Each structure stands twice: as C-alpha cells, then as structure tokens.
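Colleague: The sequence and its predicted three-dimensional model are supplied below.
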2 protein chains.
Amino acid sequence: MNLLDEIRFDDAGLVAAIAQQHDSGEVLMLAWMNRDAVVETLQTGQVCYWSRSRGKRWRKGETSGQTQRLVELRVDCDGDALLLRVDQTGVACHTGRRSCFFRAASDGGLVEIAAPEIDPTVLYAAENRPIE
Amino acid sequence: MNLLDEIRFDDAGLVAAIAQQHDSGEVLMLAWMNRDAVVETLQTGQVCYWSRSRGKRWRKGETSGQTQRLVELRVDCDGDALLLRVDQTGVACHTGRRSCFFRAASDGGLVEIAAPEIDPTVLYAAENRPIE
C-alpha cells in the first residue's frame, strides 16, 4: 500500500493539512498540500505546504526561520485530510502568535485570546533575510 | 463586529472546521460548515456541519448519539478555517474510533494506530434507530 494512493487530493490536487504541536496538542494552523508537498515533507522531515495564494510550494519557515519539523503524518478515515504532528520552532502565525487560531467567538463577535509572542515587524524583517 | 463577517467562506459557501476534544487536545476530525451550520452550532451549542457528500446539513451524532457539544469556536488569522473545541460523546469516527486520524505514515505506507472503541456495526445499527 502506497501512502500517496490513500490520500484523496481534491480537484485542485490539494488536501487539507492540520498542523498540531506534537507534545502540547495545540492546533497551530490549517493549510494545504499537493502531492509534491507531501512527498517533500516525508523525505526531508520539514513541513512543506502548497500556497494557494502564491500558487507555489511553501516551505514553512524557509525564510522566517519558524519551521515545522514533522513528527508524524496521519491520514483521516476517508483520506481527504491530513494531521501533521509537528515540532514548531517559534510561532506558526504570521501575526507573531503561536497559533493562527487566536480569536474566539464571544457575544456574536470575536475576541483575541492570545497575544503575539514575536513582534510581527521582526518576523517580516526576518522574512526578508536571506535563507541561512 | 459580526463573527460571520470575519469568516471567509469559499466559492461553495463552505469553511473548513477542525474538531478538537477541548480537554485532551486530541484532534477528532475535519469537516465543513456553511453559514447556516455555524449559526446553528452557536445557537444550539451542538455542532452541526455541512455534508458535502449528502449536500445537506449534518447534525453530528443526531441519529448515532455521538454528538459534539461546542465548548469554544475559534477562527484563524485569515478567517478561512475554524477550530471547534468540543466535548465529544463516544467516538467521532464512523469506523468506531475516537478520532478519524487513526492511520499514520510508516515506511511509505500507513499503519493503524488506534483500534475501534465501538463496533462499527453497532454504530450503524444506532444510525437506524429513531432519534431519541
């Protein structure tokens, strides 16, 4: 059985991937992977997504340093979602927060439940640095 | 600020929703919600999805009894994913397993890392029972 044959990529060739910090259980983000991104992630042990907005492979943290090391890749019962158990370096969110899920429903609106751990301007600056 | 205005539903009117057991941190499943499903979930406190395969509202556990009580609904940074922190009654997966993510990558294939907690035939039988 080939793992890739068990994944049901959608019409755009993508599958949803949840990133979860492996030890704390914190859900960090939801992103998308294509077949190549899955293969690269398994081969390198560093999580690589497919950026729908940029239309290209997105090696998480490649420039900012906020990488995700793959601990375990899980596939759901019908093969159309992945759970990536990872070890997140620094923060997962571009706002400087550990998790992208930092807003919670409250009284019909949203409240922020987590503050940035890194100044986003520092993160943005880091993204302009050459890859080390 | 209206919570619904902060959610970016896709072209099909759907948003991805991750269900996570609120206390253990276990990721249970990934499913989809439309606007009505989000509204109903917030109003009733019981998680309701949109079934893409059946093309209708899917009140989780309505017939099987394997319901999800909403503890907290979170929205990600760009509004195109939800994290539902829930209290799962019984099992989330139709295979009788607690989580739908019961297969892990191993040596290019997949291995099962969790056994059913409920016999699927019992679950299926339950689904044929009238709603209590």
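Modeller: Happy to help now that I have it. What you are looking at is a predicted structure, and each value in this text was computed from that prediction instead of being measured.
Colleague: Only C-alpha atoms from now on, for both contacts and neighbour counts.
Modeller: OK.
Colleague: Next, the buried residues of stretch A:15-33.
Modeller: A:15-22, A:25-33 (16 or more other C-alpha atoms under 10 Å in any protein chain shown).
Colleague: From the chain's centroid, how far away is that stretch?
Modeller: Centre-to-centre, stretch A:15-33 and its host chain are 6 Å apart (C-alpha atoms, centre = their mean, to the nearest Å).
Colleague: export it as CSV, just CAs?
Modeller: Extracted as CSV, the C-alpha positions of stretch A:15-33 are listed here (Å, rounded to 0.1, in the frame of the first residue of the first chain):
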residue,chain,number,x,y,z
VAL,A,15,-5.5,18.1,0.6
ALA,A,16,-6.2,20.0,3.8
ALA,A,17,-3.5,19.6,6.4
ILE,A,18,-3.8,20.4,10.1
ALA,A,19,-0.6,21.2,12.0
GLN,A,20,-0.6,20.3,15.7
GLN,A,21,2.2,20.7,18.2
HIS,A,22,3.0,17.1,18.9
ASP,A,23,3.5,17.3,22.7
SER,A,24,1.2,20.1,23.9
GLY,A,25,-1.7,19.2,21.4
GLU,A,26,-2.1,22.8,20.4
VAL,A,27,-3.6,23.2,16.9
LEU,A,28,-1.3,25.6,15.2
MET,A,29,-2.8,26.2,11.7
LEU,A,30,-4.6,24.7,8.7
ALA,A,31,-3.0,24.8,5.3
TRP,A,32,-2.9,22.8,2.1
MET,A,33,-0.6,20.3,0.5
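Colleague: ok, and what's touching that stretch?
Modeller: Stretch A:15-33 is contacted by residues A:7-9, A:14, A:34, A:48-52, A:71, A:80-88, A:92-93, A:98-101, B:24-26, B:76, B:81 when judged by C-alpha atoms under 8 Å, 6 or more residues apart in numbering or on different chains.
Colleague: cool, stretch A:67-84 as well?
Modeller: With C-alpha under 8 Å, 6+ apart, stretch A:67-84 has contacts from A:6-10, A:15-20, A:22, A:41-42, A:45-47, A:60-61, A:85-90, B:29-30, B:93, B:95, B:100-105.
Colleague: Apply 6 Å and report the result again.
Modeller: A:6-8, A:15-19, A:45-47, A:60-61, A:85-89, B:100-101, B:103-105 (C-alpha atoms under 6 Å, 6 or more residues apart in numbering or on different chains).
Colleague: now the contacts of stretch A:15-33: which count as buried?
Modeller: Counted by 16+ other C-alpha under 10 Å, the contacts of stretch A:15-33 give A:7, A:9, A:14, A:34, A:48-51, A:71, A:80-88, A:92-93, A:98-101, B:25-26, B:76, B:81 as buried.
Colleague: In strands, which of these appear?
Modeller: If you go by DSSP state E, the buried ones among the contacts of stretch A:15-33 have A:14, A:34, A:48-51, A:71, A:81-88, B:81 in strands.
Colleague: so which one among those residues has the lowest pLDDT?
Modeller: Least confident of those in the model: residue A:51, at 95.
Colleague: Return the distance of it relative to chain B.
Modeller: 13 Å (C-alpha to the nearest C-alpha, to the nearest Å).
Colleague: residues contacting that residue?
Modeller: With contact taken as C-alpha under 6 Å, 6+ apart, residue A:51 is in contact with A:57-58.
Colleague: Enumerate the beta-bridge partners assigned to it.
Modeller: Residues in a beta bridge with residue A:51, per DSSP bridges, are residue A:56.
Colleague: Number of residues surrounding residue A:104?
Modeller: The local packing of residue A:104 (other C-alpha atoms under 10 Å in any protein chain shown) involves 21 other residues.
Colleague: what does residue A:116 give?
Modeller: 15.
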